[in-house]
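# quick one: sequence plus predicted model below, questions after.
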Amino acid sequence: MSDTISTLPSTKGSAMTDQTAIDTAPALGLHQEREVPDLDDPVFELGDVSVWYGDYQAVRNVDLTIGRQQITAMIGPSGCGKSTVIRCLNRMNDLIPGARVVGKISYHGEDMYADYVDPIEVRRRIGMVFQKPNPFPKSVYDNVAYGPRVNGFKGKLADIVEEALVDAALWDEVKDKLKTNALALSGGQQQRLCIARTIAVKPEAILMDEPCSALDPIATAKIEDLMQDLAKTYTIVIVTHNMQQAARVSDRTAFFTAEVDADGVRHGRLVEYEPTRQMFSKPTDKRTEDYISGRFG
Amino acid sequence: MTADAHAASARAAVQRSLAGQRRPLREYVFHLALLVSVALALAFLVALLSYVVVHGWDRLDANLFLNQPTALLRRIDEAGVQSAIFGTLWVISLTALFCIPTGVLAAIYLEEYGRREMWFNRLIELNIQNLAAVPSIVYGILALGLIARPPLNLGFTVITAALTLSLLVLPILIISSREAIRAVPNSIRDGSLALGATQWQTIRRQVLPVAVPGIATGTILALSRAIGEAAPLLLLGAVQFVTFNPSGPDSSYTVLPIQIFNLATRPQEGFRTLGWAAIIVLLAILLLMNSVAIAVRNRYQKRW
């Protein structure tokens, strides 16, 4: 029982003060503190991207620009391809036999799938946090130290570990049990440990694939708070099933949906990509509106 | 109807619905059949062990370990099986040395690198499964033709025996190591790779440590099979009457199962008792190896 209620997110209530906000905004918990950052210096650019698994085209024709030091959320119903797309951004999809990417995904303007690119280096720069917390069955310390170790870090490991745990808002809870097995931590702590592990290698971007879906609301709130802090330094992309979460934490939201083509093949498509406030108040596409208002999905 | 009567009939209805159907006889019969099977297996084991201990107890003394076998009837009471004990230890150590690295590396290849959609990986898998079922005497013939005689021409030596037993248990070792590696959750691999670790770093630092208990168990089971094998070694010179300990990998040798076979076929009661005692030694070595496996498993076991 180390999760306490005292750190519930403070961002929720602030929407009330903005008189011009649409009525739905406070209900959705839209955070209004941050200006919507611009897309002038994008980290990722997806140009007409399709993803194939063998003969099956899972995601079609996605165009998306993801900006620096902001939180981009991907939402949509099951099977809409949002997880598939996020796994392309650090080439984790390479690990699935038969998976291939068509179209262009660039990282600071450079083609991430060019022949000379080493996927190991890509993953070092673009970290990932998974749906189910997956700490290694080692001590808390070794979990965080693992990334720097495999990347040949020379220097004081203990400092890196402490820094990462502080940044992941976990240090106070684990500083006296760095030697205990990470699997003894609570689910929420394990997930923050996975975030600490990721930032210990100092990536530029962090991809989060439904990072809170296995957590209770209090642990979820802590992770959401943490994401807001991290967005000052890191570029964050989050896939979530939870629309309220996207509304609460993200600067921009991409809405994906599953469609069936003329041959009856189900595939994912990007429908709309807007600043989050705009998407949740004045969506331009009918399908987005239906999804957000709970008419399907 | 009175209120009391109402209440009573309602209670009866609830009781009827809770009582359910009488359990059919089938269930009891099945239960009994399970118990009988377990009891039978246990009874055979106990009978076998006590029979062996009763017959061999008299000769379970220091002479057994300190003296060599003899053909002389006047020394029947002080004969031992030292050459076979040392032979067994030599052969099994070399077998472990050959088959553990090969088996574990082969398992890593098949699980972590070999893509299943490549036809030759599927062919290798199929072959390994078939090899595990090949009778051991066939391995003996193969080794006689390939290892003991040219091309390898290693003769009837400890190393020939060890290589043969390695071939024999390699499929078992590979299959059990693969299962241990496969049991490591993929989320661990993903977590490691997402931090920029290479595939080998992931295997070496995350997958193998978690798979060690399973690999150790499989290894000991495979070596236990090897230590009890007599059939292939019958063809490879182990039947010679050996009264000296092996001096190295290129030495002549005999092993316990074959020594037991030799002693059991002698007409003299004294030699046969010695055979029983040798069985106890063989079982003790096996038991020791299994307890090592259990210790390793408990020591390294990880819980999720």
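Received it, and whenever you're ready, just let me know what you need.
# neighbours of B:Ile174, how many?
29 (other CB atoms under 10 Å in any protein chain shown). Placement of C-beta: from N, CA and C, glycine included.
# whoops, B:Arg26 was the one
The burial count for B:Arg26: 8, using other CB under 10 Å.
# and it, how far from chain A?
According to CB to the nearest CB, to the nearest Å, B:Arg26 stands 42 Å off from chain A.
# which strand or helix spans that residue?
Taking DSSP states H and E as the definition, B:Arg26 sits inside helix B:25-56.
# just checking the distance from that helix to the centre of its chain.
Computed by CA atoms, centre = their mean, to the nearest Å, the chain-centroid distance of helix B:25-56 equals 22 Å.
# buried ones in that helix, by neighbour count?
B:52, B:55-56 (16 or more other CB atoms under 10 Å in any protein chain shown).
# in chain B, which residue sits nearest chain A?
Closest to chain A within chain B is B:Gly196: 3.0 Å, counting by CB to the nearest CB.
# leaving out sequence neighbours, find the closest residue to that residue.
Spatial nearest neighbour of B:Gly196, chain neighbours left out: A:Arg124 (3.0 Å); criterion: CB to CB, 6 or more residues apart in numbering or on different chains.
# burial count for residue 244?
In the absence of a named chain, chain A is used. Count around A:Gln244 with other CB under 10 Å applied: 13.
# um, chain B though
B:Phe244 has 13 nearby residues by other CB under 10 Å.
# contact residues of the stretch 151-297 of chain A facing chain B?
Within reach of chain B by CB under 8 Å from any CB of the partner chain, the stretch 151-297 of chain A has these residues: A:151, A:183, A:194, A:197-198, A:201.
# so the residue nearest to B:Gly196 is in contact with B:Leu195, correct?
Yes: with contacts counted by CB atoms under 8 Å, A:Arg124 reaches B:Leu195, the gap being 7.3 Å.
# ok, which stretches of the stretch 151-297 of chain A are strands?
A:205-209, A:235-239, A:252-260, A:266-275 (DSSP state E, counting those that start in this stretch).
# just the CA atoms of the first one, as CSV, please.
In other words, strand A:205-209. In CSV, the C-alpha atoms belonging to strand A:205-209 read as follows (Å, rounded to 0.1, in the frame of the first residue of the first chain):
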residue,chain,number,x,y,z
ALA,A,205,11.1,10.0,-27.2
ILE,A,206,9.1,7.6,-25.1
LEU,A,207,6.4,5.5,-26.7
MET,A,208,3.7,4.2,-24.3
ASP,A,209,1.4,1.5,-25.4
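# note down every partner strand of that strand and its orientation.
strand A:126-129 (parallel), strand A:235-239 (parallel) (DSSP bridges).
# contacts only, for the closest residue to A:Lys175 other than its chain neighbours.
Leaving aside its sequence neighbours, A:Lys175 sits nearest to A:Leu165 (CB to CB, 6+ apart; 7.5 Å). Under the criterion of CB atoms under 8 Å, 6 or more residues apart in numbering or on different chains, the neighbours of A:Leu165 are A:140, A:144, A:171, A:174-175, A:193, A:196.
# looking at those, which has the most residues close by?
A:Val144 leads these on contacts (other CB under 10 Å) with 32 neighbours.
# next, count neighbours for the closest residue to B:Tyr113 other than its chain neighbours.
Spatial nearest neighbour of B:Tyr113, chain neighbours left out: B:Gln199 (7.8 Å); criterion: CB to CB, 6+ apart. A total of 15 residues lie near B:Gln199 under the criterion other CB under 10 Å.
# residues contacting B:Gln199?
Counted by CB under 8 Å, 6+ apart, B:Gln199 has contacts B:112-113, B:193.
# can I have the buried ones of those residues as a ChimeraX selection?
Entered in ChimeraX, the line below selects the buried ones among the contacts of B:Gln199, by 16+ other CB under 10 Å:
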select /B:112,193
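# sitting in strands, which of the contacts of B:Gln199 do you find?
Residues of those located in strands (DSSP state E): none.
# need the contacts of B:Gln199 in TSV with pLDDT and distance to B:Val46, can you?
Below are the contacts of B:Gln199 laid out as TSV (pLDDT from 0 to 100; distance: CB to CB, whole Å):
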residue	pLDDT	distance to B:Val46
B:Glu112	91	44
B:Tyr113	89	47
B:Leu193	95	51
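# I'd say B:Thr60 and B:Ile279 touch.
Check again: residue B:60 is Leu, not Thr. No: using CB under 8 Å, B:Leu60 is not in contact with B:Ile279, being 10.2 Å away.
# neighbour count winner among those two?
More crowded of B:Leu60 and B:Ile279, by other CB under 10 Å: B:Ile279, with 21 against 18.
# give me the below-cutoff pLDDT ranges for chain B.
For chain B, the stretches with pLDDT under 70 are B:1, B:301-304.
# tell me which parts of it are close to chain A?
Looking at chain A, the residues of chain B close enough under CB under 8 Å from any CB are B:115-117, B:185, B:187-188, B:190-198, B:201, B:205-206, B:210, B:302-304.
# same thing but 6 Å
B:115, B:187, B:191, B:194-198, B:201, B:206, B:302 (CB under 6 Å from any CB of the partner chain).
# quick test: name the residue nearest the centre of the chain.
The chain I'm using is chain A. A:Ile238 (2.2 Å; CA atoms, centre = their mean).
# actually it's chain B I care about, not the one you picked
Mean-position check on chain B, CA atoms, centre = their mean. Result B:Leu221 at 2.5 Å.
# contact partners for that residue?
By CB atoms under 6 Å, 6 or more residues apart in numbering or on different chains, the contact set of B:Leu221 is empty.
# helices of the stretch 1-150 of chain A, start to end?
Using DSSP state H, counting those that start in this stretch, the helices found in the stretch 1-150 of chain A span residues A:24-28, A:82-88, A:119-125, A:140-150.
# average pLDDT across the first one?
It stands for helix A:24-28. Mean pLDDT, helix A:24-28: 49.
# same thing with stretch A:88-98?
pLDDT averaged over stretch A:88-98 gives 90.
# so which helix or strand of chain A has the lowest pLDDT on average?
helix A:24-28 (a mean of 49; mean pLDDT, DSSP states H and E).
# adding mean pLDDT, write the strands paired with strand A:205-209 out as CSV.
Converted to CSV, the strands paired with strand A:205-209 look like this (pLDDT from 0 to 100):
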stretch, mean pLDDT
strand A:126-129, 95
strand A:235-239, 95
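# right, and these - which one's nearest B:Ser136?
Closest approach to B:Ser136 among the strands paired with strand A:205-209 (CB to CB): strand A:126-129, 49.0 Å.
# quick check, distance from the closest one to the centre of its chain.
Chain-centre distance of strand A:126-129: 8 Å, with CA atoms, centre = their mean.
# hang on, the earlier thing: make CSV out of the contacts of B:Gln199 and add distance to A:Ala246.
CSV is the format used below for the contacts of B:Gln199 (distance: CB to CB, whole Å):
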residue, distance to A:Ala246
B:Glu112, 37
B:Tyr113, 39
B:Leu193, 27
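# could you list which of the contacts of B:Gln199 belong to helices?
B:Leu193 (DSSP state H).
# quick one: which of the helices of the stretch 1-150 of chain A is nearest A:Asp55?
Proximity to A:Asp55 (CB to CB) singles out helix A:82-88 among these, at 15.5 Å.
# residues touching the closest one, excluding its own?
In contact with helix A:82-88 (CB under 6 Å, 6+ apart) are residues A:51, A:58-59, A:74, A:76, A:93, A:101, A:207, A:209, A:237, A:239, A:256.
# how about the residues you listed in JSON lines, adding neighbour count?
Below are the contacts of helix A:82-88 laid out as JSON lines (neighbours: other CB atoms under 10 Å in any protein chain shown):
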{"residue": "A:Val51", "neighbour count": "24"}
{"residue": "A:Ala58", "neighbour count": "22"}
{"residue": "A:Val59", "neighbour count": "26"}
{"residue": "A:Met74", "neighbour count": "29"}
{"residue": "A:Gly76", "neighbour count": "28"}
{"residue": "A:Asn93", "neighbour count": "20"}
{"residue": "A:Val101", "neighbour count": "20"}
{"residue": "A:Leu207", "neighbour count": "28"}
{"residue": "A:Asp209", "neighbour count": "21"}
{"residue": "A:Val237", "neighbour count": "28"}
{"residue": "A:Val239", "neighbour count": "25"}
{"residue": "A:Phe256", "neighbour count": "27"}
